[in-house]
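Asker: Sequence first, predicted model second:
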Amino acid sequence: MTGRHLSDSTKRLISALNKGKKMPAWVRAKISATNKAKGIRPSRLALIKGAKVRQSLGAIYSNTKPELAMKAWLESRGVEFRQQELLFDHIWDFVIPSLKLIIEVDGCYWHGCPIHCPNSVVGKSRTVLDHEYDSIAKNNGWVVRRIWEHDLV
Ligand SMILES: [Zn+2]
């Protein structure tokens with residue numbers, strides 16, 4: 001099956017978020033332990049995570065232009081993928097289970113692309129988190145590829 005498919009765990013998380021509830025306790029505990037070790041300030045983190053969750057939820061119901069482009073590209077190749085998939089306590093843009101490949105489409109503003117938003121404070125903070133999530137995925141045997149929004153649209 002190709003196209004948008006949300007796993008049960010992702011659906012549960014989204015439904016909890018939609019009700020204005022917090023993430024499951026075990027997810028929060030894991031994330032907070034990791035971030036404590038990394039020395040990321042909780043207030044900064046809450047801001048970033050809130051933005052990411054809103055962004056992810058938005059993407060589920062209305063794909064951004066670059067995500068539509070990536071989706072079309074994957075579909076044209078008949079690759080089985082999942083969109084906005086929860087894996088390792090993080091919602092990823094595209095997950096291809098058969099290849100253990102994760103594709104993240106990074107918005108120029110949100111991730112501070114060096115061409116369009118080199119001084120983005122949000123971008124700098126997000127990059128720290130991005131690397132964190134990437135290394136967790138890599139340590140679990142997955143490959144993570146990040147593609148800039150400006151390379152897709
Ligand atoms: Zn850019």
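Answerer: Nice, I can see it.
Asker: got the residues of this protein near the ion?
Answerer: Residues of the chain lying near the ion by Cβ under 5 Å from the ion: 108, 113, 115-116, 150. C-betas here are computed from N, CA, C, even on glycine.
Asker: of all those residues, which two lie farthest apart?
Answerer: Among the residues of the chain next to the ion, the pair separated by the greatest distance (Cβ to Cβ) is C108 and I115, at 7.4 Å.
Asker: so what's in contact with these two at the same time?
Answerer: 148, 150 (Cβ atoms under 8 Å, 6 or more residues apart in numbering).
Asker: Compare neighbour counts for these two and give me the winner.
Answerer: Per other Cβ atoms under 10 Å, whichever of C108 and I115 has more neighbours is C108, with 20 against 8.
Asker: Next, format the residues of the chain next to the ion as JSON lines and append secondary structure and pLDDT.
Answerer: What follows is the residues of the chain next to the ion, written out as JSON lines (DSSP: H, G, I helix; E, B strand; the rest coil; pLDDT from 0 to 100):
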{"residue": "C108", "secondary structure": "coil", "pLDDT": "92"}
{"residue": "C113", "secondary structure": "coil", "pLDDT": "93"}
{"residue": "I115", "secondary structure": "coil", "pLDDT": "94"}
{"residue": "H116", "secondary structure": "coil", "pLDDT": "93"}
{"residue": "H150", "secondary structure": "helix", "pLDDT": "95"}
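Asker: Which residue, other than its chain neighbours, is closest to E67?
Answerer: Closest residue to E67 in three dimensions, ignoring its sequence neighbours and counting by Cβ to Cβ, 6 or more residues apart in numbering: V105, at 5.3 Å.
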